[in-house]
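K.L.:
after the sequence you'll find the predicted model.
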Amino acid sequence: MSELVTLRTFSQSIDFEMVKSYLESFSIECFGKNEIINRAYINLVDGGIQLQVREEQAEEAIKVLFEGGYLKKEDFEPSAGMKLMEKVLNFFHKK
């Protein structure tokens, strides 16, 4: 059984559904981790809806998402909060 890889996280189920349909049109099987809980309750209950694909289709899915404008280079760069956390951790690791 192949592993699932998370490609993106969505705060809105409509955005997830749109990207999922787009990938499925290229015969890429998609799954939504935490999809039901985020629809039933509030958005971002468990970090949002995680778009997942099978590991062997991940590279193709990323390529298709870039071509369709659903992924950008910036999506893979750390957020300002993550950069700050890295600075804080590096400060304590130096001691």
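P.N.:
Cool, the structure landed.
K.L.:
from here on, just use CA atoms for contacts and neighbour counts.
P.N.:
OK.
K.L.:
now do the same contact list for residue 35.
P.N.:
Neighbouring residues of residue 35 by CA atoms under 8 Å, 6 or more residues apart in numbering: 13, 48, 49, 50.
K.L.:
just among those, which is most surrounded?
P.N.:
The residue in those with the most neighbours, by other CA atoms under 10 Å, is residue 49 (28 neighbours).
K.L.:
and it, how far is that from residue 10?
P.N.:
Separation of residue 49 from residue 10 (CA to CA, to the nearest Å) stands at 5 Å.
K.L.:
mutual contacts of these two, please.
P.N.:
Listed as contacting both residue 49 and residue 10 by CA under 8 Å, 6+ apart are residue 16.
K.L.:
now do the strands in the protein.
P.N.:
4-10, 30-33, 49-54 (DSSP state E).
K.L.:
ranking these by burial, who's on top?
P.N.:
strand 49-54 (a mean of 22; mean count of other CA atoms under 10 Å).
K.L.:
what helices or strands is that strand leaning on?
P.N.:
strand 4-10, helix 13-24, strand 30-33, helix 35-40 (3 or more CA pairs under 8 Å, 6 or more residues apart in numbering; DSSP states H and E).
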